[in-house]
Structure formats: structure tokens, C-alpha cells
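Enquirer: Next comes the sequence, and after it the predicted model I'd like to discuss.
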Amino acid sequence: MASSSAALVTLLVASCAAMAAATSYTVGDGKGWVIGVDYSGWTSGKSFAVGDKLVFTYTSKAHTVTEVSQSGYSSCSGSNALGNDDSGATTVTLNTPGTHYYICNIPGHCAGGMKVAVTVAGGGSSGSGSSSGGGSITPSGASLQVPAMGAVVAAAAGALIKVALF
């Protein structure tokens, strides 16, 4: 029984470590999501991974965080948006590898530089350069989607409690 408890504890610790490894990036750092920031420069030198979060801070209703395809990014068009928020506090969880594109869909803002392309490392990337909605856009005040790893942690914790009690 001691070896199964040790295995469960190891699984629990490994699962928590994997979830804790995600990094939150504040887009634009102290300037936030505004016109006049070089977002290409902001992304350079950063390594984004599946599970990382992009935190956009901006004036509510004055800007949007709109996830678009590569075509929408190039043309500054959010007409076929994959996701959109204008709450002023938006968190995007990067759920898939590949390049993800975000623009401000207020007229003139994207053309003024409010656009960012984020390349997420990970296995199985097609390299097509097109976003397929692999980021989940969530107002920061709302509850975030729980990653699939959360279910593993919950199951391991439940099993560990049962083993400890019996």
C-alpha cells in the first residue's frame, strides 16, 4: 500500500508542476494594449508554450482583443473573428501550438499598430501560419477554462485521499 501511495503522490506532484509551469505574459508590459506599442518587438525574445496566458489590459469598450486568422491579421479585419472581447481585462489561454493572431477591431486601431502575432511552441504544429482559434479569450473577471490536466490532478487527489483513509 505504501508503494501505491508514493506513486499517487508522485503523480499529483508531477501534475501540479506541469500546471504551474505555465507563464502569464502581460501584453505590452506596463503600457498594456494601446496604440503606439511595438508588439512585434514585445514578442521578440519570448518563448510561448501551450498553457501560457496572454493578459491584455486596456480601457473597456475603447479597444477589443479579437482573435483572427492570418488573413484577418494581415488585412486588419475582424469580420471573421475567432474570438472577441472588449471588457478591458482579457486573458487568453494559449491552448494549441502554432501562430495566433490578435488585433484591436476598433476602426483604425489595428492599422495604427494594435496587432500581435504570437507563435506557440509545441509538437504537432502544422506550420501553416494560420490561427484556428487555439486560444480561449476570456474576460479576466470570468472563470477560466480548466485545462484537461486539472481532471488528472483531481482524480489523483481523490485516489490519494481514499488510500490515506483506508
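Expert: Thanks, I have the structure now.

Enquirer: so where's the protein uncertain?
Expert: Scanning the chain for pLDDT under 70 picks out 1-20, 123-136, 138-166.

Enquirer: tell me which residues in stretch 69-77 are buried?
Expert: 69, 72-73, 76-77 (16 or more other CB atoms under 10 Å). Yep, even glycine has a C-beta here, placed from its N, CA and C like the rest.

Enquirer: Check stretch 76-91 too.
Expert: For stretch 76-91, by 16+ other CB under 10 Å, it's 76-78, 81-83, 85-91.

Enquirer: on that earlier part again, quick one: which of the buried residues of stretch 69-77 is nearest to residue 26?
Expert: residue 73 (20.7 Å; CB to CB).

Enquirer: where along this protein do the strands fall?
Expert: In the chain, the segments counted as strands under DSSP state E are 24-26, 48-49, 53-57, 65-68, 83-85, 89-94, 98-103, 115-121, 135-139.

Enquirer: Would you mind finding the most buried of those?
Expert: Across the strands of the chain, averaging neighbours per residue (mean count of other CB atoms under 10 Å) puts strand 65-68 on top, at a mean of 27.

Enquirer: C-alpha coordinates for stretch 86-103, CSV please?
Expert: Backbone C-alpha positions of stretch 86-103 (Å, rounded to 0.1, in the frame of the first residue of the first chain) are rendered in CSV as follows:
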residue,chain,number,x,y,z
ASP,A,86,-13.9,44.4,-25.1
SER,A,87,-14.1,44.1,-21.3
GLY,A,88,-10.8,45.9,-20.6
ALA,A,89,-9.3,42.9,-18.9
THR,A,90,-8.9,39.9,-21.2
THR,A,91,-7.0,36.7,-20.6
VAL,A,92,-6.2,34.4,-23.5
THR,A,93,-5.0,30.9,-22.7
LEU,A,94,-2.9,29.5,-25.5
ASN,A,95,-4.3,26.1,-26.0
THR,A,96,-2.6,24.9,-29.2
PRO,A,97,0.7,25.2,-30.9
GLY,A,98,1.1,27.4,-33.9
THR,A,99,0.8,31.1,-34.6
HIS,A,100,-2.2,33.0,-33.0
TYR,A,101,-3.2,36.4,-34.2
TYR,A,102,-4.9,39.2,-32.2
ILE,A,103,-6.0,42.7,-33.3
